[in-house]
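*Asks:* My questions are about this predicted structure, shown below with the sequence.
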Amino acid sequence: MRVPDSDLQTCVRLALQALLLVGKGASERGAILVASASDPSLSPARVEALDLVLATLGQQDLIDTIIERVLPDRQLGTKTRWLFRLAVQMLLRCRGGADLRRTEKSLRNVMPVEQLADLEILIGSVLTLDANQIWSSLIDPEKIALETHNPTWWVSYCYRLLGRSEGVKLLSAASRPRYIRINPLKNHGRTTLPSRAKPLETALAKVAHSLPVYAVQGSLSTFSEFFSEGIFQIQDLASFLAVKAADPAPGEDVLDICAAPGGKTAALAQLMKNQGRIVSVDYSTGRMRSWRREITRLGVKIAEPVICSVSDMAVTGTFDLIVIDPPCTGSGILDRHPSMKWHLTPESTERYSRLQQHFLNSSSRLLAPDGRILYCTCSLTVEENEYVVSEFLKSHPDFETRPVLREYGSPGLEGFTDCRRLWPHRDRTAGYFIARLQRLN
Ligand SMILES: C[S@@+](CC[C@H](N)C(=O)[O-])C[C@H]1O[C@@H](n2cnc3c(N)ncnc32)[C@H](O)[C@@H]1O
């Protein structure tokens, strides 16, 4: 369908506002919501603008390389830089002909007068771009970095994890499907679709007979009616499998550390059949607001929120199960959050690793003598996963790993074969690490 020129300009304007917010630390989707709420005239362009934002951030390295080559030594202000990045992204995806003329026209209309000359240079250069000129001077990891749009150090890191050939597959993996988990707590105890939703079955692919999880083929908007009723939750398969690996049982006392916005709390309550108790801890008031909304929508009756930091935990007790889903680099979910790629550094990996070790150590004192801990992250690095578990076991000889999810994913690295890894290119899920730690009584 042809988007009118005025809509394309609205889309660029909204994308620009959102990118400025992302530059200040907002998430891509959050930035689109905030920018469109502050200027309702931009609202109709939300879907297309998000697509443009994700594509611009996803290819930011190539785009910046082009801008640097075409306009060397320019001192670009923040807003101009984002506008130029948007312009290059739009030109790169142009199919020529009328599409190109519309794109050029829209860009000229949104560009400040003083940048118009540079815009014309950019247009001419992108349209006659010879990618070989960019690649030719690069060594292998740099070339793969620019081809797959990843930091060069991260390319080398993935080579070390999996070898070059599989590393490239990981770095160029297609975006994973969206998954939904059917919620029996609002569906008369069933994990199949309600009969009135049967027509939607064609848009869903069951992941495995024994799991209440489906991959969505197409737009999630088809499901909006059932979403508000709480019949399903949008949850990656890997995130659900992490909860399954914890094997929560009805009647247990569970501590859910770093719980917002509630994905794991709700899945725990489902497997516990809403019997027992879940104490959900998170320090973010805003994210706990989302937690409350989700818990109510999904009919969870056994969870209580505690807003506090793990470093200063206002919780006492001895829990049968502690689930720890700490903040991480998110290197397993870069397909949906491309801006995080450009903040991923060896230093940030180390920083998160230290924080995760601290969370695991300080939570473990709240575990019952024969209790278990489920530790998971959506990161691919060894530092945030096997290394955290290894350090914990060294200082806690009363714990052992236990095998989990043998029928899914792959064994952990560095000899941690009881643990499980899910890889985006092998499993079509978020990249995940899952470890179950049993306290020996
Ligand atoms: C990976 S997310 C958790 C996702 C959640 N478990 C779910 O499944 O929906 C990490 C969470 O850790 C929280 N967090 C970060 N630092 C924290 C701290 N010091 N104390 C408590 N929560 C913290 C963040 O607010 C964020 O909600």
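*Replies:* Perfect, I can see it now.

*Asks:* Pretty sure G317 sits in a strand.
*Replies:* No. The assignment for G317, made by DSSP: H, G, I helix; E, B strand; the rest coil, is coil rather than a strand.

*Asks:* which residues sit in contact with it?
*Replies:* By CB atoms under 8 Å, 6 or more residues apart in numbering, the contact set of G317 is D253, L255, V279, L366. Backbone N, C-alpha and C define where each C-beta goes, glycine included.

*Asks:* for it, phi and psi?
*Replies:* Phi and psi for G317, reported as degrees, to the nearest 10, are phi 130, psi 180.

*Asks:* returning to that earlier point: please identify which of the contacts of G317 is nearest to K273.
*Replies:* Distances from K273 to the contacts of G317, taken as CB to CB, are shortest for D253 (14.9 Å).

*Asks:* what's around M90, how many residues?
*Replies:* Other residues near M90 come to 24 when the count uses other CB atoms under 10 Å.

*Asks:* same thing with T56?
*Replies:* Neighbour count for T56, taken as other CB under 10 Å: 26.

*Asks:* close enough to count as contact, it and A18?
*Replies:* No. Assessed by CB atoms under 8 Å, T56 is found out of contact with A18, at 9.7 Å.

*Asks:* most surrounded residue in the contacts of G317?
*Replies:* Ranked by the number of neighbours (other CB under 10 Å), the contacts of G317 place L255 first, at 26 neighbours.

*Asks:* bridging residues for it?
*Replies:* L255 has these beta-bridge partners by DSSP bridges: V279, I322.

*Asks:* Could you pick out the longest strand of this structure?
*Replies:* strand 367-377 (DSSP state E).

*Asks:* do you know how far the residue positioned nearest the centre of the chain is from L344?
*Replies:* Geometric centre of the chain, nearest residue: I333, 3.8 Å, by CA atoms, centre = their mean. In this view, I333 and L344 are 11 Å apart by CB to CB, to the nearest Å.

*Asks:* Also D253?
*Replies:* Going from D253 to L344 by CB to CB gives 37 Å.

*Asks:* How about the residues of this protein by the ligand?
*Replies:* Counting by CB under 6 Å from any ligand atom, the residues of the chain close to the ligand are 239, 258-264, 281-284, 287, 309-311, 325, 327.

*Asks:* residue ranges for the helices of the stretch 51-200 of the chain, please.
*Replies:* 60-70, 78-92, 97-110, 116-127, 131-135, 140-148, 152-162, 164-171 (DSSP state H, counting those that start in this stretch).

*Asks:* Show the average pLDDT along the longest one.
*Replies:* So that's helix 78-92. Average pLDDT, helix 78-92: 95.

*Asks:* in it, what counts as buried?
*Replies:* 80-92 (16 or more other CB atoms under 10 Å).

*Asks:* Show me what it is packed against.
*Replies:* helix 5-23, helix 46-58, helix 60-70, helix 97-110, helix 116-127 (3 or more CB pairs under 8 Å, 6 or more residues apart in numbering; DSSP states H and E).

*Asks:* Quick one: low-confidence residue ranges for the stretch 101-250 of the chain.
*Replies:* Within the stretch 101-250 of the chain, the stretches with pLDDT under 70 are 220.
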